[in-house]
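Enquirer: Sequence below, structure please.
(4 chains)
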2 protein chains.
Amino acid sequence: MLDVMAGTRRATIGRPREFDVDEALERAMRVFWEQGYEGASLTDLTAAMGITRTSMYAAFGNKEDLFRRALERYFAGPAAYAERAPEEPTAKQVAAAFLHGAVDTTTSPEQPSGCLSVQGALAAAPADRAVQDLLADVRNDACARLEDRFQRARDEGDLPPTSDPGLLARFLMTVSGGIAVQAASGAGRDELHRVADAALQNWPPA
Amino acid sequence: MLDVMAGTRRATIGRPREFDVDEALERAMRVFWEQGYEGASLTDLTAAMGITRTSMYAAFGNKEDLFRRALERYFAGPAAYAERAPEEPTAKQVAAAFLHGAVDTTTSPEQPSGCLSVQGALAAAPADRAVQDLLADVRNDACARLEDRFQRARDEGDLPPTSDPGLLARFLMTVSGGIAVQAASGAGRDELHRVADAALQNWPPA
DNA sequence: ACAGTTAAGCACTGATCGGTACAGAACAAA
DNA sequence: TTTGTTCTGTACCGATCAGTGCTTAACTGT
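Expert: Take a look at the predicted model:
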């Protein structure tokens, strides 16, 4: 039997869902963001989502799957700066967009402090290795994107030939991770913007 | 009744302890270091310490007290660089000792990767607020010590009058926190030393 | 020998963890 | 109305959490 409808939204048969999946996912994302993967219990999550455990399992699979979806939403929304920064026209602008974007996202007054992927990564019980590996992949991808971008910048003369694209990328990842830690510890937005500026002060000239 | 013996070691009456408190504390510290405060269960801890739950409670109080003791041991031992760095003769040497010390401690092949106080801080269930506050105090103390040191350096002409001691201190805390995140994610020691050098490259001249 | 004191070890507590069985409710197709 | 399908809510599962009661063991002082 050919499944010609694969990928299309099937006509609604059965009882219709009574909650908004997107809205529920948004709220779950915030709980994970505030409490980390392990710190967020299903009771916390479903209470914030406004649905029962059963509905959550039916809609998202399990806690790990829910976290995956929440993480996707995080990088598509609040943390989109990480993927957009490499599109800036110059290497220095890429770096500035990356760091200042990190500050804005981790210190937004309307959102939890800190970074979902950093919070999640450091709550490290060996049991949740799958989640840790997922987060490690996300971070490595971001680092690789920056490195590729700086490699291109060097090829184009936007960075000096002596510069090290991998080191520059790792440096930005390190500072942005530190910004997330500081933000989670309560550091202020203005202060962290100044820290970001300080980190960018010795950026290689074009 | 005057307790003239207060503070002195009472003669050993009763059954003698069969384990070395220091050794047990060292092993507990490593478990907290690897797994964070919440991630380290009493089963994990006591198994590593080689004692029963009962003995742990009798000797240390409870899990939170044990963590406090482990944290003290951490900053007296593996993370002593944080308190020793301000003793360096120049501001730049202070900064270098702080960052490279962070790299050495968080990437030691003989010890867990990352930083105990960062790992513990970001596993944030609201229930353990006492532990989070404790770790926030520790971090703020370290930042204040650096700031005082750089203030003195500026007064002594070791830093230019235009430099901002608070910003320099916060910058170092941010980078060292980022180093801890990178180390926990598996970044290599040599690579992080290069990142530390990059962060120190634009340090204000004397 | 005996009382007093402290530690060790087993078995247990109530609470909470992630996850689920089951029954009823709400829809589409027949 | 009946049947099939999907969602909702309750009430529960075994496992694990931090923490303890109680007995027994090992020591000191008398």
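Enquirer: Return, as residue ranges, the portions of chain A with sub-threshold pLDDT.
Expert: For chain A, the stretches with pLDDT under 70 are A:1-11, A:123-124.
Enquirer: where along it do the helices fall?
Expert: A:21-39, A:42-49, A:53-60, A:63-76, A:81-84, A:91-106, A:116-122, A:129-155, A:165-184, A:189-200 (DSSP state H).
Enquirer: Go through the shortest one and flag the buried ones.
Expert: Using 16 or more other Cβ atoms under 10 Å in any protein chain shown as the burial criterion, the residues of helix A:81-84 that qualify are A:Tyr81, A:Ala82. C-beta here means a position set from N, CA and C on the backbone, and glycine is covered the same way.
Enquirer: Outside of it itself, list whatever touches it.
Expert: For helix A:81-84, contacts defined as Cβ atoms under 8 Å, 6 or more residues apart in numbering or on different chains pick out A:Phe75, A:Ala97, A:Phe98, A:Gly101, A:Ala102, A:Asp104, A:Thr105, A:Ala142, A:Arg145.
Enquirer: any idea how far it is from the chain center?
Expert: With Cα atoms, centre = their mean, to the nearest Å as the basis, helix A:81-84 stands 9 Å off its chain's centre.
Enquirer: Pull up the residues of chain A that are close to DNA strand D.
Expert: By Cβ under 7 Å from any atom of the strand, the part of chain A that sits against DNA strand D consists of A:13-19, A:51-55, A:58-59.
Enquirer: In those, find the pair that's most separated.
Expert: Pairwise distances among the residues of chain A next to DNA strand D were taken by Cβ to Cβ; the largest, 24.0 Å, belongs to A:Ile13 and A:Arg53.
Enquirer: So these two - more neighbours on which side?
Expert: A:Arg53 (11 against 6; other Cβ atoms under 10 Å in any protein chain shown).
Enquirer: Tell me which residues of stretch A:147-160 come out buried.
Expert: Under 16+ other Cβ under 10 Å, the buried positions of stretch A:147-160 are A:Glu147, A:Arg149, A:Phe150, A:Gln151, A:Ala153, A:Arg154, A:Asp158, A:Leu159.
Enquirer: so what's the second one closest to, chain neighbours aside?
Expert: What that stands for is A:Arg149. In this structure, A:Arg149 finds its nearest non-sequential neighbour in A:Pro86, 4.1 Å apart by Cβ to Cβ, 6 or more residues apart in numbering or on different chains.
Enquirer: Identify the residues contacting that neighbour.
Expert: Contacts of A:Pro86 (Cβ under 8 Å, 6+ apart): A:Val94, A:Arg145, A:Leu146, A:Asp148, A:Arg149.
Enquirer: and among the helices of chain A, the most buried is which?
Expert: helix A:116-122 (a mean of 28; mean count of other Cβ atoms under 10 Å in any protein chain shown).
Enquirer: For that one, name the packing helices and strands.
Expert: Counting contacts by 3 or more Cβ pairs under 8 Å, 6 or more residues apart in numbering or on different chains; DSSP states H and E, helix A:116-122 packs against helix A:21-39, helix A:63-76, helix A:129-155, helix A:165-184, helix B:116-122, helix B:165-184.
Enquirer: ok, so what distance separates the most centrally placed residue in chain A from DNA strand D?
Expert: Taking Cα atoms, centre = their mean, the centroid of chain A lies closest to A:Phe75, which sits 4.3 Å from it. Separation of A:Phe75 from DNA strand D (Cβ to the nearest atom of the strand, to the nearest Å): 26 Å.
Enquirer: Pull the contacting residues for that residue.
Expert: A:Phe75 neighbours (Cβ under 8 Å, 6+ apart): A:Ala82, A:Glu83, A:Val138.
Enquirer: wait, doesn't A:Thr105 sit right on A:Pro78?
Expert: Yes: under the criterion of Cβ atoms under 8 Å, A:Thr105 makes contact with A:Pro78 at 5.2 Å.
Enquirer: list residues touching both of the two?
Expert: Joint contacts of A:Thr105 and A:Pro78 (Cβ under 8 Å, 6+ apart) are A:Gln111.
Enquirer: A:Met29: what's it in contact with?
Expert: A:Met29 touches A:Ala70, A:Leu71, A:Arg73, A:Tyr74, A:Leu116, counting by Cβ under 8 Å, 6+ apart.
Enquirer: Quick check, the third one in contact with A:Glu26.
Expert: Yes: assessed by Cβ under 8 Å, A:Arg73 is found in contact with A:Glu26 at 6.8 Å.
Enquirer: For DNA strand D, what's its nearest residue on chain A.
Expert: A:Gly14 (1.9 Å; Cβ to the nearest atom of the strand).
Enquirer: State the phi and psi torsions of that residue.
Expert: Main-chain dihedrals, A:Gly14, degrees, to the nearest 10: phi 80, psi 180.
Enquirer: Near it, how many other residues are there?
Expert: 6.
Enquirer: How much space separates it from A:Met56?
Expert: 18 Å (Cβ to Cβ, to the nearest Å).
Enquirer: All good on my end, thank you.
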